[in-house]
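Peer 1: kindly return the folded structure for what I paste below:
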Amino acid sequence: MKSLLILFIFSTLSVTAQKTENAQKIFLENLAVLEKVSNDENESIDLNTLYEARSFLLKTTGIKYELEKDFDMPIFPPKEILKAWRDWYDKNSDKLYWDKKTKSVKARQG
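Peer 2: Below is the predicted model:
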């Protein structure tokens with residue numbers, strides 16, 4: 001019975017770790033899109049990908065910046081915001097997880 005409980009706990013922790021790792025990977029992929037554009041490495045990045053990455057980071061981190069003008073397409077975030085998003089990830093990557101209900105990456109509070 002004790003070994004069954006240990007196996008259950010181990011498998012639960014393993015699944016949780018995998019969900020966190022996948023959420024971290026998704027976060028870093030979105031951040032990389034914007035960092036590549038910032039570093040002029042954007043040969044194949046289209047505007048939809050840029051818009052989605054920007055929206056993802058705004059929503060996930062809660063770190064926003066003031067837009068110069070209101071456009072449908074994204075205005076590229078300043079380098080300070082890219083750094084703030086990177087710093088947020090460094091401090092909060094362990095809080096990221098995949099939410100099955102919303103089918104999106106979220107961050108645990110606290």
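Peer 1: please make it C-alpha for all contacts and neighbour counts, starting now.
Peer 2: Will do.
Peer 1: what is the burial count for residue 54?
Peer 2: Burial of residue 54 is recorded as 20 neighbouring residues (other CA atoms under 10 Å).
Peer 1: same thing with residue 98?
Peer 2: For residue 98, the tally of surrounding residues (other CA under 10 Å) stands at 20.
Peer 1: three-state assignment of it?
Peer 2: For residue 98, the secondary-structure state derived from DSSP: H, G, I helix; E, B strand; the rest coil is strand.
Peer 1: relative to residue 64, how far out is it?
Peer 2: Going from residue 98 to residue 64 by CA to CA, to the nearest Å gives 22 Å.
Peer 1: ok so residue 63 is a helix residue?
Peer 2: No: secondary structure assignment places residue 63 outside any helix; it is coil (three-state DSSP).
Peer 1: backbone phi and psi for it, please?
Peer 2: Phi and psi for residue 63, reported as degrees, to the nearest 10, are phi -90, psi 120.
Peer 1: one more: residue 107?
Peer 2: Taking degrees, to the nearest 10, you get phi -120, psi 130 for the backbone angles of residue 107.
Peer 1: ok, it - how many residues close by?
Peer 2: Residues near residue 107, counting by other CA under 10 Å, number 17.
Peer 1: got the contact list for it?
Peer 2: The neighbourhood of residue 107, defined by CA atoms under 8 Å, 6 or more residues apart in numbering, consists of 60-61, 92, 95-97.
Peer 1: in PyMOL, how would I select the buried members of those residues?
Peer 2: The buried subset of the contacts of residue 107, as determined by 16 or more other CA atoms under 10 Å, is captured in PyMOL by this line:
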select buried, resi 61+92+96+97
